[in-house]
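Student: Task: produce atomic coordinates for the following.
(one chain, ligands or ions: 1)
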Amino acid sequence: MEHPENCAEYKGLTVNAGVEQPSSVNPYLKNRPRQKKRELTVADYVDGILKGDVTVLSRAVTLVESVRPEHQAVAQEVIEKCLPYAGNSVRVGISGVPGAGKSTSIDVFGLHILERYGGKLAVLAIDPSSERSKGSILGDKTRMEKLSVHPKSFIRPSPSAGSLGGVARKTRETIILCEAAGYDKIFVETVGVGQSETAVHSMVDFFLLIQLAGTGDELQGIKRGIMEMADGIVINKADGDNIERARLAAAQFRNALHLFPAPESGWTPQVLTYSGFYNLGVKEIWDMVYQYIGFVKENGYFVYRRNEQSKYWMYESINEQLRHSFYHNPKIEALLAGCEQQVLQGSLTSFVAAKSLLDTYFEDMKGNSV
Ligand code: GDP
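Tutor: Numbers count the residues shown, from 1 in each chain. Take a look at the predicted model:
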């Protein structure tokens, strides 16, 4: 149709017919099948990890954390193939009660060592509370603002399902994958509440305990066992009018450490004060850690400790699998609640109950093997 503006009256103005506007929604979209993530083979995983591909590494860690047997089977194969490329790192456990300043410190520590020593850093976590809450906060990216956007860092929250032993095993396996992907510095973070420290201690080269200067007796409430595990104790928040108190706390820790037997490593655990928030005294902490690494590499303790840790994890793995096999046995599952009731009511002693359940289990195993 002729446009009125094209008539002689409006000469000089021309309106073209134009073209049909495409729809704002792609008409082919609904016909296209939804894209599913391509399943990766063991070789794909290993290749990706060795190339340092973070997406593949993340997917491999998810596989390690999965409880599905088919995922576990692939995960174990990937781990085995990555093992020859693992081990070449400095593993540091970092522990402290909530509020001690772990996330603030890890952010600063991470940036410091990446700048000073280069390489790549992985931050992993073991959170014993996640078993109950089903959600872990430790190792959460949002808590480490600068590190989480650093191209050389990989942050992974704690695996959340299973027993502490199971969670710890997954973190240990994740260390192997990270190392194979070229991460030569590993932090394993945990909350200072007891058992999880033992698990972290059994997978790191250096155990760093973050403490705060409180009021009065600094050593109150700190389990002796945790202090004995520490290769270094650092008192955080030594800033403002807290500096003196932090120094005093450090002196008390030093005195207390003298009372413990000398550590197997031959290293004397050190006590330092710092401020993660104001980035004061951070360099000294990492000078200490690397001095320790040099010291134990020289005297052979570094390799000895890693070998001992492998042994520990062999037994842990056996224990975990035996426990799993026992508690997931259908006959045991059927009997367990009844036995528990009888023990609670006092009609059966705990020993007799345990023995009869174990006998049932062993009988069943024998039956299954013929
Ligand atoms: P986390 O629970 O152990 O991870 O502790 P956070 O890193 O979340 O820190 C707990 C609180 O302590 C936060 O409010 C921090 O801002 C504060 N904080 C952490 N480090 C320092 C420090 O060096 N000095 C001071 N004054 N406050 C700090």
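Student: pLDDT averaged over the helix or strand where Ala353 lies - what is it?
Tutor: For Ala353, the element it lies in under DSSP states H and E is helix 350-369. Helix 350-369 shows a mean pLDDT of 92.
Student: And stretch 256-271, by the same measure?
Tutor: Rounded mean pLDDT across stretch 256-271 is 90.
Student: Can I get that stretch as PDB, trimmed to CA atoms?
Tutor: Presented in PDB, the C-alpha positions along stretch 256-271 are these (Å, rounded to 0.1, in the frame of the first residue of the first chain):
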ATOM      1  CA  ALA A 256      52.200 -24.600  77.800                       C
ATOM      2  CA  LEU A 257      53.900 -26.200  74.800                       C
ATOM      3  CA  HIS A 258      57.000 -26.700  76.800                       C
ATOM      4  CA  LEU A 259      55.100 -29.100  79.000                       C
ATOM      5  CA  PHE A 260      54.400 -31.400  76.100                       C
ATOM      6  CA  PRO A 261      56.800 -34.100  75.000                       C
ATOM      7  CA  ALA A 262      59.000 -33.100  72.100                       C
ATOM      8  CA  PRO A 263      57.200 -33.800  68.700                       C
ATOM      9  CA  GLU A 264      58.400 -36.700  66.600                       C
ATOM     10  CA  SER A 265      59.300 -34.300  63.800                       C
ATOM     11  CA  GLY A 266      62.100 -32.700  65.800                       C
ATOM     12  CA  TRP A 267      60.500 -29.300  65.100                       C
ATOM     13  CA  THR A 268      59.700 -27.000  68.000                       C
ATOM     14  CA  PRO A 269      56.100 -25.700  67.400                       C
ATOM     15  CA  GLN A 270      56.100 -21.900  67.200                       C
ATOM     16  CA  VAL A 271      53.600 -19.400  68.500                       C
END
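Student: Trp267 belongs to a strand, doesn't it?
Tutor: No: note on Trp267: no strand contains this position according to DSSP: H, G, I helix; E, B strand; the rest coil, which reports coil.
Student: quick revisit: from the chain's centre, how far out does the helix holding Ala353 sit?
Tutor: Relative to the centre of its chain, helix 350-369 is centred 36 Å away, using CA atoms, centre = their mean, to the nearest Å.
Student: can you pull the buried residues of stretch 79-99?
Tutor: 79, 81-82, 85-86, 89-96 (16 or more other CB atoms under 10 Å). Glycine gets a C-beta too; all of them are placed from N, C-alpha and C.
Student: Oops, could you answer that again for stretch 353-369 instead?
Tutor: Buried-residue list, stretch 353-369, by 16+ other CB under 10 Å: 353, 357, 360-361.
Student: what comes into contact with that stretch?
Tutor: With CB atoms under 8 Å, 6 or more residues apart in numbering as the test, stretch 353-369 has contacts from 326, 329, 331-332, 335-336, 339-340, 342-343.
Student: In CSV, list the residues you listed along with distance to Leu124 and neighbour count.
Tutor: Output for those, formatted as CSV (distance: CB to CB, whole Å; neighbours: other CB atoms under 10 Å):
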residue, distance to Leu124, neighbour count
Phe326, 29, 16
Asn329, 32, 18
Lys331, 38, 13
Ile332, 33, 17
Leu335, 38, 16
Leu336, 34, 15
Cys339, 38, 18
Glu340, 36, 14
Gln342, 43, 14
Val343, 39, 16
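Student: Any chance of those in a markdown table with distance to Met144 as columns?
Tutor: A markdown table is the format used below for the contacts of stretch 353-369 (distance: CB to CB, whole Å):
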| residue | distance to Met144 |
| --- | --- |
| Phe326 | 39 |
| Asn329 | 43 |
| Lys331 | 47 |
| Ile332 | 43 |
| Leu335 | 47 |
| Leu336 | 42 |
| Cys339 | 47 |
| Glu340 | 43 |
| Gln342 | 50 |
| Val343 | 46 |
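Student: Do a quick rundown of the strands in this structure.
Tutor: In the chain, the strands defined using DSSP state E lie at 90-96, 121-126, 153-155, 185-191, 206-212, 232-236, 270-273.
Student: Of these, flag the one that's most buried.
Tutor: strand 121-126 (a mean of 28; mean count of other CB atoms under 10 Å).
Student: Alongside the ligand, which residues does the stretch 51-200 of the chain contribute?
Tutor: By CB under 6 Å from any ligand atom, the residues of the stretch 51-200 of the chain that approach the ligand are 96, 98-104.
Student: of all these, which two lie farthest apart?
Tutor: Across these, the longest distance by CB to CB is 12.3 Å; it joins Pro98 and Thr104.
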